[in-house]
Structure formats: structure tokens, C-alpha cells
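J.: Sharing a model that was predicted from the sequence below.
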Amino acid sequence: MRVATWNINGLNARLPFVEHWLAARQPDIVGLQELKMVDDKIPHLAFEAAGYKAVTHGQKSWNGVAVLSRDEVEVLGRGLPGQEDFGARFLHVRARDLDFITVYCPNGKHLGHDDYARKLAWYDTLAEHLADVLDPARPAILGGDFNICPSPLDTWNEDSNAGDIFHTDEERARLRRLIDWGFTDVYRSLHPDTQAFSWWDYRGGAFHRKQGLRIDFLLATEPALQRVNAVEIDRDYRKKKDGLQASDHAPVIADLA
């Protein structure tokens, strides 16, 4: 079973690129973030032609999440309860025996912005909700754009970025709360010492200068983690393909037995 997460930075702009990736990588289930599209505009026929059924929690111009799956899925939750005003950022489905959740966590903008405190509160609500609806003894994958660098290894320049947005102790504590509950960062579990990034700014040649951040994760409960054979950040799909513009994020892919 191949699972993936990917912030596509706009489905309207990126649909041909997503189709290209689906054909090349053949995931069984993938969580998408930042659709920037309402539910009734989702191109279901295009996804069906590629072999996928789509369930979505969309929003005009901003946010929006989706799950594409080869099999039928049961939708268990659209939207994070109590955080609806912060936009369409949470979608929970069950695929076979696996709980699969895709999240687009708030950015926070900067430490002086109201959205920073709202980001921390959103994370607190997420941790409380997942503790209510999941069991760490059952297989579950939580994937998405978390907008947090977990450690100095996950940022291109911790010295200059420490204490800034994505790099604060408060943000990292929120991510650790999910880990302490029973999730494991799949990429870091298999690649404990590798510096690799999943996001690069479009500006200033950041991708080619290796100035990125690792902020996109697949987190797994222990029963799901035990099934993981391989995980990678699909850096090749941060590059243009056949003249198609890539997202500023790369997909993260894991293969499960």
C-alpha cells in the first residue's frame, strides 16, 4: 500500500501536474492540501480517469484538503471541531483497516500576528480531537503540511531561523505532543540523520541552493509504522515536468506492507 501527502498549492493551477505525478508514482491513497477550491468545483472526472475517487473538504481561494484513493473510503470527519473559522484544514477517512487523516495546519504568519496564537490553539484542538477519535494501538496515518520544522536538522539554517516562525519552542512542543500521544515521524524514523527538505521558496533559487524546510510529514501509529518498508521525499516532483509548474512543496511517499 503506497500512501502519500502533498501540498499542491492550488488544484486549479496544478491539476495536470498532479495527474502526471499520479501516473508516475501510482499511490493507493494520498492526502492533498491547499486545494484553494470549493467542493463543487473538484474535477472528479479527471481523478476517476486516473483511477481515483476523491473526497474533499474545500474552500474558495484558500486552504482545502482532499483524499484521493483507489478504493472506496469511509469519511469519518470533515473539519476540525471547534476550529471551523480557521478554514478547511482537516479530513479523516478510513481506508481498509487504516485511519488516514490529512491536515493543512495553519501557517501562523509571524510571531506578532494574531494567527500565531491561533495556530497554537489549532494544534491544541487537533491533539485533543485525535486523542478522542483514534487509538494508538490501531493503524493510523496523519499526513499533511504541518508548517513546523521539528528540529535543527529539518531547516536549512537553524542559526538564523531559531525562534522565528516554524522554529519556535512553542510550535515544536505542539508537534511533540502528537508524537508523545503515539505518532512517529515516518521519514525521521527511517532516516534519522538525513537532512532533507519538503518545501522551498519559489524565490531566490532556494530549491537549487538547498535552502528549504522539512514541514510535510507522514506520522504513523506503531501498528502502521511496523508496516512501513520505505519512505521518501519526492524531490523530483518539485521540478517542472513537461513544462508544467511544480508546487513549492514536494510529495512525501511511504510504502506499507
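T.: Here it is on my side, so go on. Residues are numbered from 1 along each chain as shown.
J.: mind listing the strands for the stretch 101-250 of the chain?
T.: Using DSSP state E, counting those that start in this stretch, the strands assigned to the stretch 101-250 of the chain run over residues 140-145, 183-185, 199-200, 212-213, 216-221, 228-233.
J.: Format the ones you listed as JSON lines; extra columns: distance to residue 43.
T.: All C-beta atoms are positioned from the backbone trio N, CA, C, and that covers glycine. Output for the strands of the stretch 101-250 of the chain, formatted as JSON lines (distance: least, C-beta to C-beta, whole Å):
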{"stretch": "strand 140-145", "distance to residue 43": "21"}
{"stretch": "strand 183-185", "distance to residue 43": "32"}
{"stretch": "strand 199-200", "distance to residue 43": "25"}
{"stretch": "strand 212-213", "distance to residue 43": "29"}
{"stretch": "strand 216-221", "distance to residue 43": "23"}
{"stretch": "strand 228-233", "distance to residue 43": "26"}
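J.: Format those strands as a markdown table; extra columns: mean pLDDT.
T.: Rendered in a markdown table, the data for the strands of the stretch 101-250 of the chain read as follows (pLDDT from 0 to 100):
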| stretch | mean pLDDT |
| --- | --- |
| strand 140-145 | 98 |
| strand 183-185 | 98 |
| strand 199-200 | 98 |
| strand 212-213 | 98 |
| strand 216-221 | 99 |
| strand 228-233 | 98 |
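J.: wait, isn't residue 23 in contact with residue 51?
T.: No. At 9.0 Å, residue 23 and residue 51 do not qualify as touching, with contact defined as C-beta atoms under 8 Å.
J.: Between these two, which has more neighbouring residues?
T.: Taking residue 23 and residue 51 together and counting by other C-beta atoms under 10 Å, residue 51 has the greater number of neighbours (13 against 10).
J.: I'd say that one and residue 71 touch.
T.: No. With contact defined as C-beta under 8 Å, residue 51 does not count as touching residue 71 (10.6 Å).
J.: Now do stretch 128-141: everything it contacts.
T.: Residues from elsewhere that reach stretch 128-141, judged by C-beta atoms under 8 Å, 6 or more residues apart in numbering: 3, 76-77, 80-82, 92, 97-101, 142, 178, 181-183, 218-224, 227, 254.
J.: What remains of the residues you listed if I keep only buried residues?
T.: Among these, those buried by neighbour count (16 or more other C-beta atoms under 10 Å) are 3, 80, 92, 98-101, 142, 178, 182-183, 218-221, 223-224, 254.
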